[in-house]
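Structure for the following, please:
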Amino acid sequence: VCSAVRKLDSIKSKTINLSHIKIVVFSDEIAKEGVKDYLRAFASSRDFRPNTYVCIAKGDAGKYLKEVKPAQEIFIEKYYDNIMHKVAADKVNEAYLYYLYFNVSEDFSGSLVPLAALNESKDSPPSPDAHPEGDDFEYESTAGEIMRDAKNPAEMLGSAIMKNDKMVGTLGSFKTDLARIICDEYYPRNYSIKYSEKNDFLTIRLIQQESTQIKTKLVNDNAEIVIYVPISIEYVDAGKIENNIEESKKFCDYLENKLNEKSKELIYDSQFVYKADILGLGNSMKRHFRDMKDWEKWNWKDKYFSAQIKVEFDVEYADFEEAN
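Numbering: from 1, shown residues only. As a prediction, this is how the structure comes out:
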C-alpha cells in the first residue's frame, strides 16, 4: 500500500492519503497465515483512521471488492458505511481496525471478525439444509451461502474466528449472535422458531434488558465459570401463546433449554475445536490474581482448556404483566 501511494505521488499533482478509506478486507488465505504485521502497519500509519472497518472475505479479497454492486446506494462508500454500521451496532469490537489490532496483540485471545463473501448461487445453489425448516435458531450459514436472487452478490453473515492473529475457523449466523448475546454485545432482532409443542413457527424478538453476569472461581488451581444471561422476549407473531400465561411460561422454558444447549455447543467448540477464548473469559479471571506477573504465571492459555464453563439463560416474557 505504501509503495503504491509513493508511486502515485510521483505522478499526481495532488498529495495522496488514505484517510478516506472505509474498510480493510483481508482474504481468508491471508487471515489464516496471520494479520498482525498488516495491522501493525495500519496502526502506525497516520493515514488510516482507527475506526476504519475491517472484515475477512472468503476467497479473493480483491474480487470481493470489485464485484460489490449495491442496488440501493449510488456511492460505494455509503454502502460499506451502512452495512458495516449494522455489524458494529452489535458492539462487536473487532469490526474496527484498532480494536482488532489491540486484541490480536494479546498473548492468548480470541476474536470474532465479520465474514464477507460473494454469492455465486447461480452456478451452484446453496443447499436447503443450510437453513433447516426455516428455524433461525438452527441457521448456521455464513456469507456466500444465502438462498436468494439479487443483483449484488456481496454478503456479510457470520464471523471469522481468530486465535491471536490467525483465522482458525468460522461461526454461522446464529452462533455468532449467540456469542454476542453471551458477551452482552447484542442488538435486538427477530427470530422465527419452530416450537415443538405446537409444531408451528413463532416469531419473537430477543432483547437484553439486563446485563450478563459472570461468576468465576479458582478451584484446585482451575477455573470455574458460570455465565448468567437474562433475556426478555417480545412476541411478534405467536398466536394465542402471548395471551396465555401458562403457554407463555412453557415457551420461555423451551427457549431456555434451546439456548443452553446451543451454548454448550459453542463453549465446546471454543475450547476444543478452535481452541480460542472467543468470549473473552480470561478478562473475568484476572481479578483472582494480585498482579500481571501472577496472572501470566498461572497461564490462561493452558488453563482455558481445563476450565469448567457453564452458560445459564433466564428467559422471560418482556410484557408478561399484560398477559391474561
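
All the helices of the chain, in order from the start?
2-9, 28-33, 36-44, 61-67, 76-88, 97-104, 173-182, 245-268, 282-285, 292-298, 300-303 (DSSP state H).

quick check: angle from the third one to helix 97-104?
In this case it means helix 36-44. Angle of helix 36-44 versus helix 97-104, following axes from the mean of the first three to the mean of the last three CA atoms, to 10 degrees, is 130 degrees.

Tell me which residues of helix 36-44 come out buried.
Tyr38, Leu39, Phe42 (16 or more other CB atoms under 10 Å). Backbone N, C-alpha and C define where each C-beta goes, glycine included.

and the helices of the chain, which is most packed in?
Mean neighbour count (mean count of other CB atoms under 10 Å) peaks for helix 173-182 among these, with a mean of 22.

one step back: tell me which of the helices of the chain sits nearest to Pro153.
Among these, helix 61-67 comes nearest to Pro153, with 5.6 Å by CB to CB.

what sits up against the closest one?
With CB atoms under 8 Å, 6 or more residues apart in numbering as the contact definition, helix 61-67 has outside contacts at Val25, Phe26, Ser27, Ile30, Ala57, Ala116, Ala117, Leu118, Pro153, Ala154.

From Leu157, how far out is Asn257?
26 Å (CB to CB, to the nearest Å).

Next: Lys264.
As judged by CB to CB, Lys264 and Leu157 stand 23 Å apart.

Likewise for Asn164?
From Asn164 over to Leu157 the distance is 24 Å, taken as CB to CB.

Closest one to Cys183 out of the buried residues of helix 36-44, please.
Among those, Leu39 lies closest to Cys183 (CB to CB), at 21.5 Å.

Once you drop chain neighbours, what's closest to that closest one?
Leaving out its chain neighbours, the residue that sits closest to Leu39 by CB to CB, 6 or more residues apart in numbering is Tyr101, at 4.3 Å.

which stretches of the chain aren't confidently modelled?
For the chain, applying pLDDT under 70 flags the ranges 1-2, 88-94, 107, 121-134, 149, 197-199, 319-324.

for it, longest strand please?
strand 222-237 (DSSP state E).

Which elements pack onto that one?
Packing partners of strand 222-237 (3 or more CB pairs under 8 Å, 6 or more residues apart in numbering; DSSP states H and E): helix 173-182, strand 200-207, strand 213-219, helix 245-268, helix 282-285, strand 308-317.

Please point out which parts of that strand sit buried.
Going by neighbour count (16+ other CB under 10 Å), the buried part of strand 222-237 is Ala223, Ile225, Ile227, Val229, Pro230, Ile231, Ser232, Ile233, Glu234, Tyr235.

how about TSV for those, with distance to Asp291 added?
Formatted as TSV, these follow (distance: CB to CB, whole Å):
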residue	distance to Asp291
Ala223	18
Ile225	21
Ile227	26
Val229	31
Pro230	33
Ile231	36
Ser232	39
Ile233	43
Glu234	46
Tyr235	50
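
So which of the helices and strands packed on strand 222-237 is nearest Tyr96?
Of the helices and strands packed on strand 222-237, nearest to Tyr96 by CB to CB is helix 173-182, at 15.2 Å.

who does that closest one touch, helix- and strand-wise?
By 3+ CB pairs under 8 Å, 6+ apart, helix 173-182 packs against strand 154-163, strand 222-237, helix 245-268.

Turn the helices and strands packed on strand 222-237 into TSV, including distance to Met84.
Listed next are the helices and strands packed on strand 222-237 as TSV, based on distance: least, CB to CB, whole Å:
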stretch	distance to Met84
helix 173-182	15
strand 200-207	22
strand 213-219	28
helix 245-268	24
helix 282-285	25
strand 308-317	28
